[in-house]
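*Asks:* Provide a 3D model corresponding to the input given below.
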Amino acid sequence: MCGRYALYTPPARIARYFGATLAEGTEADYEPSWNVAPTDQVLGIRDRPPHPGPAEAGGGPSPGQPDGQPERLLMSFRWGLVPWWSKDAKSASRLFNARSETVATKASFREAFRRRRIIVPADGFYEWRKTKTGARQPHYFTRADGEPMAFAGLAERWRPKDAPEGAPFLRSCTIITTPGGADMEGIHDRMPVILDPATFDLWLDPADEDGEAPRALLRPPPAGTVVHHLVGPRIGNVRNNDSSLIESV
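*Replies:* Sure thing, here's the model as predicted:
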(Lines give C-alpha, C1' and ligand atoms only; values in the text may rest on other atoms or scores of the structure.)
Protein backbone atom coordinates (compact mmCIF):
# COMPACT_ATOMS: atom_id res chain seq x y z
CA MET A 1 0.00 0.00 0.00
CA CYS A 2 0.98 3.64 -0.15
CA GLY A 3 -0.37 5.58 2.81
CA ARG A 4 2.25 8.29 3.28
CA TYR A 5 4.48 10.19 0.91
CA ALA A 6 6.43 13.44 0.57
CA LEU A 7 5.92 16.29 -1.88
CA TYR A 8 7.88 19.45 -1.19
CA THR A 9 9.07 20.48 -4.66
CA PRO A 10 7.36 23.75 -5.73
CA PRO A 11 4.47 23.34 -8.19
CA ALA A 12 6.19 25.43 -10.87
CA ARG A 13 9.14 23.04 -10.94
CA ILE A 14 6.83 20.02 -10.98
CA ALA A 15 4.91 21.53 -13.89
CA ARG A 16 8.13 22.06 -15.87
CA TYR A 17 9.27 18.49 -15.29
CA PHE A 18 5.96 17.01 -16.44
CA GLY A 19 5.42 19.53 -19.24
CA ALA A 20 2.22 20.76 -17.62
CA THR A 21 0.39 24.04 -17.16
CA LEU A 22 -0.53 25.16 -13.64
CA ALA A 23 -4.28 25.31 -13.06
CA GLU A 24 -5.53 28.56 -11.59
CA GLY A 25 -5.04 28.71 -7.83
CA THR A 26 -2.73 25.69 -7.63
CA GLU A 27 0.30 27.59 -6.36
CA ALA A 28 -1.74 29.62 -3.88
CA ASP A 29 -3.26 26.48 -2.33
CA TYR A 30 -0.02 24.48 -2.27
CA GLU A 31 1.90 23.72 0.92
CA PRO A 32 5.05 21.56 0.90
CA SER A 33 4.65 18.39 2.92
CA TRP A 34 7.01 15.68 4.14
CA ASN A 35 4.08 13.72 5.57
CA VAL A 36 1.25 13.61 3.03
CA ALA A 37 -1.63 11.51 4.40
CA PRO A 38 -5.05 10.44 3.07
CA THR A 39 -7.64 13.27 2.83
CA ASP A 40 -4.83 15.85 2.39
CA GLN A 41 -4.78 18.12 -0.65
CA VAL A 42 -2.29 16.79 -3.19
CA LEU A 43 -1.19 17.57 -6.74
CA GLY A 44 -2.05 15.61 -9.85
CA ILE A 45 -1.40 15.86 -13.60
CA ARG A 46 -4.08 15.11 -16.17
CA ASP A 47 -4.52 15.60 -19.89
CA ARG A 48 -7.12 18.17 -20.82
CA PRO A 49 -9.08 18.11 -24.08
CA PRO A 50 -8.62 21.29 -26.14
CA HIS A 51 -12.27 22.35 -25.74
CA PRO A 52 -13.63 20.93 -22.46
CA GLY A 53 -17.25 21.21 -21.47
CA PRO A 54 -18.39 23.51 -18.67
CA ALA A 55 -18.14 20.75 -16.05
CA GLU A 56 -14.49 20.01 -16.88
CA ALA A 57 -12.10 21.15 -14.18
CA GLY A 58 -9.51 23.67 -15.28
CA GLY A 59 -11.53 25.71 -17.76
CA GLY A 60 -10.76 26.31 -21.42
CA PRO A 61 -7.58 25.88 -23.41
CA SER A 62 -4.61 28.03 -22.58
CA PRO A 63 -2.99 30.37 -25.11
CA GLY A 64 -0.71 28.53 -27.49
CA GLN A 65 -2.38 25.14 -27.08
CA PRO A 66 -2.30 23.33 -30.46
CA ASP A 67 -5.75 22.65 -31.91
CA GLY A 68 -6.87 19.11 -31.31
CA GLN A 69 -3.98 18.30 -28.98
CA PRO A 70 -4.45 17.48 -25.29
CA GLU A 71 -2.58 19.53 -22.72
CA ARG A 72 -1.22 18.40 -19.38
CA LEU A 73 -2.63 20.31 -16.46
CA LEU A 74 -1.26 20.35 -12.88
CA MET A 75 -4.03 20.81 -10.35
CA SER A 76 -5.11 20.03 -6.79
CA PHE A 77 -7.04 16.96 -5.63
CA ARG A 78 -8.11 15.54 -2.29
CA TRP A 79 -6.31 12.26 -1.68
CA GLY A 80 -8.96 9.57 -1.27
CA LEU A 81 -11.32 8.85 -4.14
CA VAL A 82 -14.99 9.77 -3.92
CA PRO A 83 -16.84 8.01 -6.80
CA TRP A 84 -19.27 10.26 -8.65
CA TRP A 85 -22.20 8.09 -7.54
CA SER A 86 -21.38 8.23 -3.81
CA LYS A 87 -24.05 9.48 -1.41
CA ASP A 88 -21.41 11.27 0.65
CA ALA A 89 -17.66 11.88 0.77
CA LYS A 90 -16.88 9.37 3.54
CA SER A 91 -15.19 6.94 1.14
CA ALA A 92 -12.23 9.35 0.81
CA SER A 93 -10.74 8.04 4.05
CA ARG A 94 -10.44 4.48 2.71
CA LEU A 95 -10.19 4.70 -1.11
CA PHE A 96 -6.74 6.31 -1.11
CA ASN A 97 -5.25 3.25 -2.85
CA ALA A 98 -6.53 1.10 -5.71
CA ARG A 99 -5.10 -2.36 -6.34
CA SER A 100 -3.72 -2.88 -9.84
CA GLU A 101 -5.25 -6.35 -9.97
CA THR A 102 -8.84 -5.06 -9.69
CA VAL A 103 -8.70 -1.37 -10.63
CA ALA A 104 -10.24 -1.94 -14.07
CA THR A 105 -13.21 -3.94 -12.72
CA LYS A 106 -14.00 -2.73 -9.19
CA ALA A 107 -17.06 -0.47 -9.15
CA SER A 108 -15.31 2.28 -7.18
CA PHE A 109 -12.55 2.67 -9.76
CA ARG A 110 -13.47 1.20 -13.16
CA GLU A 111 -14.99 4.32 -14.73
CA ALA A 112 -12.17 6.53 -13.47
CA PHE A 113 -9.69 4.01 -14.86
CA ARG A 114 -11.30 4.25 -18.29
CA ARG A 115 -11.67 8.01 -18.42
CA ARG A 116 -9.76 9.86 -15.70
CA ARG A 117 -6.23 8.53 -15.32
CA ILE A 118 -3.78 10.98 -13.75
CA ILE A 119 -0.20 11.16 -12.54
CA VAL A 120 0.38 11.91 -8.85
CA PRO A 121 3.85 13.48 -8.42
CA ALA A 122 5.94 12.79 -5.33
CA ASP A 123 9.45 13.35 -4.04
CA GLY A 124 9.36 10.02 -2.22
CA PHE A 125 7.15 7.63 -0.26
CA TYR A 126 7.28 5.76 3.03
CA GLU A 127 6.76 2.12 3.81
CA TRP A 128 7.06 0.18 7.05
CA ARG A 129 8.98 -3.05 7.55
CA LYS A 130 7.72 -5.46 10.19
CA THR A 131 10.48 -6.98 12.30
CA LYS A 132 10.47 -10.37 14.00
CA THR A 133 9.63 -8.65 17.30
CA GLY A 134 6.54 -7.02 15.79
CA ALA A 135 8.06 -3.55 15.60
CA ARG A 136 7.48 -1.47 12.47
CA GLN A 137 10.46 0.36 10.98
CA PRO A 138 9.71 3.18 8.49
CA HIS A 139 11.77 3.49 5.31
CA TYR A 140 11.82 6.37 2.85
CA PHE A 141 11.97 5.56 -0.88
CA THR A 142 13.13 7.87 -3.67
CA ARG A 143 14.07 7.41 -7.31
CA ALA A 144 17.69 6.31 -7.68
CA ASP A 145 18.25 8.96 -10.39
CA GLY A 146 16.98 11.78 -8.16
CA GLU A 147 14.06 12.64 -10.45
CA PRO A 148 10.49 13.12 -9.17
CA MET A 149 8.30 10.04 -8.83
CA ALA A 150 5.21 9.69 -11.00
CA PHE A 151 2.56 7.52 -9.36
CA ALA A 152 -0.21 6.09 -11.51
CA GLY A 153 -3.45 7.55 -10.19
CA LEU A 154 -7.14 8.06 -10.90
CA ALA A 155 -9.34 11.09 -10.41
CA GLU A 156 -13.03 11.77 -9.85
CA ARG A 157 -15.38 14.76 -9.53
CA TRP A 158 -18.19 14.60 -6.99
CA ARG A 159 -20.78 16.81 -5.35
CA PRO A 160 -23.94 16.05 -3.37
CA LYS A 161 -27.00 15.33 -5.48
CA ASP A 162 -28.89 18.05 -3.63
CA ALA A 163 -26.17 20.64 -4.26
CA PRO A 164 -27.39 23.82 -5.97
CA GLU A 165 -26.64 24.29 -9.65
CA GLY A 166 -23.19 25.73 -10.12
CA ALA A 167 -21.86 24.40 -6.80
CA PRO A 168 -18.19 23.40 -7.04
CA PHE A 169 -17.18 19.77 -7.46
CA LEU A 170 -14.89 17.97 -5.05
CA ARG A 171 -11.87 16.74 -7.01
CA SER A 172 -10.43 13.59 -5.48
CA CYS A 173 -7.84 10.99 -6.42
CA THR A 174 -6.36 7.62 -5.57
CA ILE A 175 -2.92 6.04 -6.07
CA ILE A 176 -2.67 2.63 -7.73
CA THR A 177 -0.53 -0.02 -6.03
CA THR A 178 1.05 -3.18 -7.38
CA PRO A 179 2.89 -6.17 -5.87
CA GLY A 180 6.26 -5.04 -4.54
CA GLY A 181 9.18 -5.40 -6.92
CA ALA A 182 12.83 -6.20 -6.32
CA ASP A 183 13.48 -2.82 -4.74
CA MET A 184 10.89 -3.54 -2.03
CA GLU A 185 12.28 -6.95 -1.07
CA GLY A 186 12.39 -7.41 2.69
CA ILE A 187 10.36 -4.24 3.33
CA HIS A 188 6.80 -4.65 2.03
CA ASP A 189 4.82 -6.79 -0.39
CA ARG A 190 3.20 -3.84 -2.22
CA MET A 191 4.24 -0.49 -3.64
CA PRO A 192 2.81 2.37 -5.70
CA VAL A 193 2.91 2.02 -9.48
CA ILE A 194 5.81 4.27 -10.56
CA LEU A 195 5.51 5.33 -14.20
CA ASP A 196 8.55 5.76 -16.43
CA PRO A 197 8.65 9.15 -18.22
CA ALA A 198 8.43 7.35 -21.56
CA THR A 199 4.95 6.09 -20.58
CA PHE A 200 3.38 9.36 -19.40
CA ASP A 201 1.53 10.03 -22.65
CA LEU A 202 0.24 6.47 -22.83
CA TRP A 203 -1.06 6.56 -19.26
CA LEU A 204 -2.75 9.94 -19.60
CA ASP A 205 -4.23 9.44 -23.07
CA PRO A 206 -7.98 10.09 -22.62
CA ALA A 207 -8.74 8.46 -25.98
CA ASP A 208 -7.64 5.01 -24.75
CA GLU A 209 -10.84 3.99 -22.96
CA ASP A 210 -10.47 0.22 -23.35
CA GLY A 211 -7.54 0.44 -20.94
CA GLU A 212 -5.58 -2.46 -22.42
CA ALA A 213 -2.37 -0.49 -22.97
CA PRO A 214 -2.57 1.39 -19.63
CA ARG A 215 -3.16 -1.90 -17.78
CA ALA A 216 0.18 -3.15 -19.08
CA LEU A 217 1.88 -0.34 -17.15
CA LEU A 218 0.54 -1.51 -13.78
CA ARG A 219 3.60 -3.44 -12.68
CA PRO A 220 6.62 -2.93 -10.41
CA PRO A 221 9.45 -0.84 -11.88
CA PRO A 222 12.73 -2.50 -12.94
CA ALA A 223 15.19 -3.33 -10.16
CA GLY A 224 17.31 -0.35 -9.25
CA THR A 225 14.63 2.25 -9.99
CA VAL A 226 14.20 3.24 -6.33
CA VAL A 227 16.47 3.32 -3.30
CA HIS A 228 15.57 3.61 0.37
CA HIS A 229 16.89 4.34 3.84
CA LEU A 230 15.64 3.95 7.38
CA VAL A 231 13.95 7.01 8.92
CA GLY A 232 12.74 7.85 12.41
CA PRO A 233 9.37 6.95 13.96
CA ARG A 234 8.09 10.55 13.92
CA ILE A 235 6.67 9.92 10.44
CA GLY A 236 3.98 7.80 12.10
CA ASN A 237 2.24 10.89 13.49
CA VAL A 238 0.50 13.03 10.85
CA ARG A 239 1.00 16.12 13.02
CA ASN A 240 4.75 15.90 12.40
CA ASN A 241 5.65 17.59 9.14
CA ASP A 242 9.15 18.91 8.51
CA SER A 243 12.21 18.03 6.45
CA SER A 244 13.81 16.02 9.25
CA LEU A 245 11.29 13.22 8.59
CA ILE A 246 13.18 12.09 5.48
CA GLU A 247 16.62 12.12 7.12
CA SER A 248 18.41 8.78 7.44
CA VAL A 249 18.76 7.37 10.97
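
*Asks:* Do you know the pLDDT at the closest residue to G19 other than its chain neighbours?
*Replies:* Closest residue to G19 apart from its sequence neighbours, by C-beta to C-beta, 6 or more residues apart in numbering: R72 at 5.6 Å. For the C-beta atoms, the positions are set from N, CA and C on the backbone; glycine is no exception. Per-residue pLDDT puts R72 at 95.

*Asks:* so what strands line up beside the helix or strand hosting R72?
*Replies:* Secondary structure from DSSP states H and E places R72 in strand 71-79. Note on strand 71-79: by DSSP bridges, its sheet partners are strand 21-22 (parallel), strand 41-48 (antiparallel), strand 170-179 (parallel).

*Asks:* Include distance to F96, mean pLDDT and mean neighbour count when you put these into CSV, please.
*Replies:* As requested, the strands paired with strand 71-79 are exported to CSV (distance: least, C-beta to C-beta, whole Å; pLDDT from 0 to 100; neighbours: other C-beta atoms under 10 Å):
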stretch, distance to F96, mean pLDDT, mean neighbour count
strand 21-22, 24, 95, 20
strand 41-48, 10, 94, 24
strand 170-179, 6, 97, 24
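
*Asks:* Point to the residue nearest the middle of this structure.
*Replies:* Nearest residue to the geometric centre of the chain (C-alpha atoms, centre = their mean): V120, 2.8 Å.

*Asks:* For it, list the residues it contacts.
*Replies:* By C-beta atoms under 8 Å, 6 or more residues apart in numbering, the contact set of V120 is 42-45, 150-153, 173, 175.

*Asks:* could those go into CSV alongside distance to L195?
*Replies:* Below are the contacts of V120 laid out as CSV (distance: C-beta to C-beta, whole Å):
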residue, distance to L195
V42, 16
L43, 15
G44, 13
I45, 10
A150, 4
F151, 7
A152, 6
G153, 10
C173, 15
I175, 11
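
*Asks:* Among those residues, which one lies nearest to P160?
*Replies:* Comparing these against P160 with C-beta to C-beta places C173 closest, at 19.1 Å.

*Asks:* Verify the contact between that closest one and I118 for me.
*Replies:* Yes - with contact defined as C-beta atoms under 8 Å, C173 reaches I118; the gap is 6.2 Å.

*Asks:* residues bridging contact with those two, i.e. touching both?
*Replies:* Joint contacts of C173 and I118 (C-beta under 8 Å, 6+ apart) are 44, 77, 153-155.

*Asks:* picking that back up, and the residue nearest to G19, bridged to which residues?
*Replies:* Counting by DSSP bridges, R72 is bridged to D47.

*Asks:* neighbours of it, just the number please.
*Replies:* Counted by other C-beta atoms under 10 Å, the residues lying close to R72 total 18.

*Asks:* just checking, W34 is part of a strand?
*Replies:* Yes - remark: W34 belongs to a strand, assigned using DSSP: H, G, I helix; E, B strand; the rest coil.

*Asks:* residues touching it, list them.
*Replies:* Listed by C-beta under 8 Å, 6+ apart, the contact partners of W34 are 6, 8, 241-243, 245-246.

*Asks:* Which residue ranges of this structure form strands?
*Replies:* For the chain, the strands defined by DSSP state E cover 5-7, 21-22, 33-36, 41-48, 71-79, 97-99, 117-122, 124-130, 136-143, 149-158, 170-179, 190-192, 226-230.
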